[in-house]
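[1] how does the following fold in three dimensions:
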Amino acid sequence: MSRDAQLFVCVATVLVAIGAVMAHSASMTSRPTEKDEIHLGHHAMYLGVGLVAAIAAAVMPPHFWRRAAPWLFAGTILLLVAVLVPGLGTTVNGARRWLRFGSFSIQPTEIAKLTLPLMLCKLIVARRDRLGEWIQGTAPILWPAGIVLPLVLLEPDLGTTLFLASGAALLLFLAGWPLRNFVLVAGIAVPALLAIVLVQPYQLRRLTGFVAVWTDPAAAPYQVRQALITLGSGGLHGTGLGQGWQKLSFLPEASTDFVFAVVGEELGLIGTLGLVASWVGVFVLGLRVLKDIEQSSFAFLSGITLLFQLVGQAVVNMAVVTALLPPKGIALPLISYGGSNLVVSLAAIGVILSMSRAAETETL
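    Alright, predicted model coming up:
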């Protein structure tokens, strides 16, 4: 393993360790009970599964992922369909996104963040010489996205749908898809997106609430206001690990989507900037471990897309908590309370390390 790869793993490990501490701290009540220990136990269980997945993914040769991509993608489709079947999928807050097996749950949309890019990369590499053609090039490449995105939107999960679509667009851009095609697709997608927002009242309220944060803070959504209060109450040094008050029923989703706000309260500005710096380190080191791979290869395209997606999730989450983006319900990778996102994020790191071993002359 190269020095850059070792540093990449070290920084990711630091983030995982911070996540374990903050997931426990953010879930603590004013009177800790056995429930808090169970909460930490669940996080440790998902973390253990994720670490095994990361190690297994890292030791696999790059060509394994190209061959396995169709099978992994087919499994993801089955899970996404199963979620929508009454009696199989679990509904929480009006959204059907989880499959539960006792105390263990799976969110298939998180798995799609890994398997969809791999499948698209396989198809793009096979037709890279026809990318400029719609019938012979683009249509045979984009059909996986045409299946996954509607299924995710039906849950409904507009935020993840847009995230997956952005990942597909990034991959096409890196592969050299003509700019005119992006303009044409945007001309169709933007009006469709506006129609979805206007048809769904709660989506429209998210946008108006986001605008209210900057125009009339008193009318801003409760969750956003509490996130900003939580961040600001930490000051420079924070209240101390485990000493935050906002998580005690004031800040919703304190251990999951809004754990970054708890970091701000308990570790202060120093803690939040340190967390941001760690993510910058993951991004820069990730680029360095992939820089020597042939840029038109399966290994490079898949590795760089997964890296951008992983860091992109972190950027989106922190932007939502700081009211720079409307609420989207996207967890902070490696930091939020354990679940499918934690397992998939660690697996993505393993895949990136696997791809980094591809030789420049390897025809992947």
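
[2] where does the chain have low pLDDT?
    Counting by pLDDT under 70, the chain has low-confidence residues at 27-39, 93-94, 197-198, 201-203, 359-364.

[3] which one is the residue nearest the centre of it nearest to, not counting chain neighbours?
    Nearest to the geometric centre of the chain sits Gln313, at 4.2 Å (CA atoms, centre = their mean). Spatial nearest neighbour of Gln313, chain neighbours left out: Pro333 (5.0 Å); criterion: CB to CB, 6 or more residues apart in numbering. For the C-beta atoms, the positions are set from N, CA and C on the backbone; glycine is no exception.

[4] the one you found against Leu310, yeah?
    Yes - between Pro333 and Leu310 a contact is recorded at 5.8 Å, counting by CB atoms under 8 Å.

[5] more neighbours, the two?
    Of the pair Pro333 and Leu310, Pro333 is the one with more neighbours under other CB atoms under 10 Å, namely 28 against 24.

[6] for this structure, which helix is longest?
    Counting residues, the longest helix found in the chain (DSSP state H) is helix 259-290.

[7] before we move on, which element is the residue nearest to the centre of the chain in?
    Using DSSP states H and E, the element containing Gln313 is helix 298-321.

[8] which strand is the longest one in the protein?
    Ranked by residue count and defined by DSSP state E, the top strand of the chain is strand 95-101.

[9] other SSEs contacting the helix or strand following that one?
    The helix or strand immediately downstream of strand 95-101 is strand 104-106, counting by DSSP H and E. Here strand 104-106 touches strand 95-101, going by 3 or more CB pairs under 8 Å, 6 or more residues apart in numbering; DSSP states H and E.

[10] flag every buried residue along the strand it packs on.
    By neighbour count on 16 or more other CB atoms under 10 Å, the buried set for strand 95-101 is 96-99.

[11] same question for stretch 151-158.
    In stretch 151-158, counting by 16+ other CB under 10 Å, buried: 151-153, 155-158.

[12] how about residues contacting stretch 129-146?
    With contact meaning CB atoms under 8 Å, 6 or more residues apart in numbering, stretch 129-146 is reached by 73, 116, 119-120, 123-124, 127, 164-165, 168, 172, 175-178, 181.

[13] ends of it, how far apart?
    Stretch 129-146 has an end-to-end distance of 22 Å (criterion: CA to CA, to the nearest Å).

[14] can you tell me the helix or strand for the spatially closest residue to Arg100 that is not a sequence neighbour?
    With sequence-adjacent residues excluded and distances taken as CB to CB, 6+ apart, Arg100 is closest to Thr90, at 4.9 Å. Using DSSP H and E, the element containing Thr90 is strand 89-92.
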